[in-house]
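Turn this into a model:
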Amino acid sequence: MEKSRFKMGKIMWQIIENRNWENIRNTFSWVADMEGVPQDPIHHAEGDVAVHTKMVCDALVNLEAFAELNAQDQEILFAAALLHDVEKRSTTEIKSNGRITSHGHARKGKFTARRILYRAHKTPFEIKEQIANLVRYHGLPIWVFDKPNPQKAILQASLDVNTALLYMLSKADILGRTCEDQRNLLYRIELFKELAIENNCFGKAAEFPSGLSRYDYFHKLDGARDYKPYEVDRFPVYIMSALAGTGKDTYIRKHFSDLPVVSLDGIRRARKIAPTDRKGNGQVIQQAKEEARVHLRKKQSFVWNATNLTTSLREPLIALFQSYKATTHLIYLEVPYKELIRQNSQREFMVPKKVVEMMISKLDVPARWEAPVVKFHTY
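Numbers count the residues shown, from 1 in each chain. All right, here's what the predicted structure looks like:
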């Protein structure tokens, strides 16, 4: 790798200073794990995942567009290149016909990248999420036109990730392999770029008339990007999302002291239901939803207080609140890993550390398209 390709300037964060491959391999166990992980020779005749990853990093730093980036964006892209296939180690299968697949490695890799960057590297929130989403979407430029709605797919991706950086990562991913269809794949990536430019979301997030317009576009089959829904008489409802120990209760007392709170933990403690009691927790959620409906029928603002760590948990709640003509505010809190562990240890109802680690592993940080209003209070 040519160190001279890295622009000088202030760097807030970097995953590693010495980019010698042997140093990288010796520093990160997850890079060493790539060695010996096979790839289908039709698409990756260059060798195993480690060989491919090194070739991708080399190809990336030699792109002319990479040389024009600021120093911090270069570091973000380099980290994403290192991590983009991190979960081929767990998803690779050799089929009965001899073909090798790694379906789901990008999605699983997003969670792994987020966990690695959060726990081990003190990565600033925005940088961590940009890298995690580059890992998640690194195959999109190749496959975007195979999606049911390519326009919607690229607009949604632009809210999660910088599409100009994604374009460069995907290009390096193709240049860093040996395959017969390389020219066709590079052509697909150029079409992705043109689609992003056409939709005014290349290197920037897609714009919508309002937050409610954005929500409707991604959650209604007939949603139109330029449609602005009627918003008079709507009332705000607040959903918290954060790991245990982050400080949700403190945040609510500070910002929403005048609002009723629907608290899953509060209901659970009042009914003496253990967090591990699945049947009991189902009852807790039903009671919480009934309490929420009482407020919704009155058009009364309130706070839904729970960890809400995954999109699948948040999505039906937001849909319920929106159906009552509320405007849902999704508020995500995050503190550094060491601060999280310290705060959790000082809580009256401390969550076991192994449970916290499990929560970190499945955490899906809210996306900007999930709700009409999405706010991040992070370090």
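
Tell me where the stretch 101-250 of the chain has helices.
With DSSP state H, counting those that start in this stretch as the criterion, the stretch 101-250 of the chain has helices at 105-120, 125-137, 140-143, 150-160, 163-175, 182-198, 211-219, 248-255.

could you pull out the strands for this protein?
Using DSSP state E, the strands of the chain run over 93-94, 100-101, 235-241, 261-263, 303-305, 326-333, 373-377.

ok, now which ones touch residue 179?
Residues near residue 179 by Cβ atoms under 8 Å, 6 or more residues apart in numbering: 42-45, 185. C-betas here are computed from N, CA, C, even on glycine.

Mean neighbour count, distance to residue 65 and mean pLDDT added to the helices of the stretch 101-250 of the chain, as JSON lines?
Formatted as JSON lines, the helices of the stretch 101-250 of the chain follow (neighbours: other Cβ atoms under 10 Å; distance: least, Cβ to Cβ, whole Å; pLDDT from 0 to 100):
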{"stretch": "helix 105-120", "mean neighbour count": "20", "distance to residue 65": "22", "mean pLDDT": "96"}
{"stretch": "helix 125-137", "mean neighbour count": "24", "distance to residue 65": "15", "mean pLDDT": "98"}
{"stretch": "helix 140-143", "mean neighbour count": "20", "distance to residue 65": "14", "mean pLDDT": "98"}
{"stretch": "helix 150-160", "mean neighbour count": "21", "distance to residue 65": "18", "mean pLDDT": "98"}
{"stretch": "helix 163-175", "mean neighbour count": "24", "distance to residue 65": "6", "mean pLDDT": "98"}
{"stretch": "helix 182-198", "mean neighbour count": "16", "distance to residue 65": "10", "mean pLDDT": "98"}
{"stretch": "helix 211-219", "mean neighbour count": "20", "distance to residue 65": "29", "mean pLDDT": "96"}
{"stretch": "helix 248-255", "mean neighbour count": "15", "distance to residue 65": "40", "mean pLDDT": "96"}
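
With distance to residue 205 as extra columns, can I get these in a markdown table?
Output for the helices of the stretch 101-250 of the chain, formatted as a markdown table (distance: least, Cβ to Cβ, whole Å):
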| stretch | distance to residue 205 |
| --- | --- |
| helix 105-120 | 18 |
| helix 125-137 | 12 |
| helix 140-143 | 15 |
| helix 150-160 | 5 |
| helix 163-175 | 9 |
| helix 182-198 | 11 |
| helix 211-219 | 10 |
| helix 248-255 | 25 |
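
coming back round to it: of the contacts of residue 179, which belong to helices?
Among these, the members found in helices (DSSP state H) are residue 185.

from the contacts of residue 179, which two are the most distant?
The largest separation in the contacts of residue 179, counting by Cβ to Cβ, is between 45 and 185 at 13.7 Å.

Give me the pLDDT for residue 224.
Listed pLDDT for residue 224 reads 88.

Surely it and residue 217 touch.
Yes - between residue 224 and residue 217 there is a contact at 6.8 Å, judged by Cβ atoms under 8 Å.

Quick check: which of the helices of the stretch 101-250 of the chain is nearest to residue 360?
helix 105-120 (5.7 Å).

between that closest one and helix 125-137, how big is the angle?
160 degrees (axes from the mean of the first three to the mean of the last three Cα atoms, to 10 degrees).

Verify the contact between residue 158 and residue 207 for me.
No - using Cβ under 8 Å as the test, residue 158 is too far from residue 207 to be in contact (9.5 Å).

Now the buried members of the contacts of residue 179.
By neighbour count, with 16 or more other Cβ atoms under 10 Å, these hold 43-44, 185 as buried.

Dump the residues you listed to TSV, plus distance to residue 233.
TSV is the format used below for the buried ones among the contacts of residue 179 (distance: Cβ to Cβ, whole Å):
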residue	distance to residue 233
43	54
44	56
185	51
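
wait, which of these is closest to residue 193?
Closest to residue 193, out of all of the buried ones among the contacts of residue 179 and judged by Cβ to Cβ, is residue 185, at 13.4 Å.

ok, now how distant is the closest one from residue 172?
12 Å (Cβ to Cβ, to the nearest Å).

Same check on residue 250?
Distance from residue 250 to residue 172, by Cβ to Cβ: 43 Å.

In contact with the closest residue to residue 114 other than its chain neighbours, which residues?
When the adjacent residues along the chain are set aside, residue 114 lies closest to residue 132, with 4.2 Å between them (Cβ to Cβ, 6 or more residues apart in numbering). Neighbouring residues of residue 132 by Cβ under 8 Å, 6+ apart: 110-111, 113-114, 117, 365.

For the longest helix seen in the chain, enumerate the helices and strands it packs against.
In the chain, ranked by residue count with DSSP H as the criterion, the top helix is helix 278-297. The contact analysis (3 or more Cβ pairs under 8 Å, 6 or more residues apart in numbering; DSSP states H and E) places helix 278-297 against strand 261-263, helix 264-270, helix 311-323.

if you compare the ones you listed, which one is most tucked away?
strand 261-263 (a mean of 20; mean count of other Cβ atoms under 10 Å).
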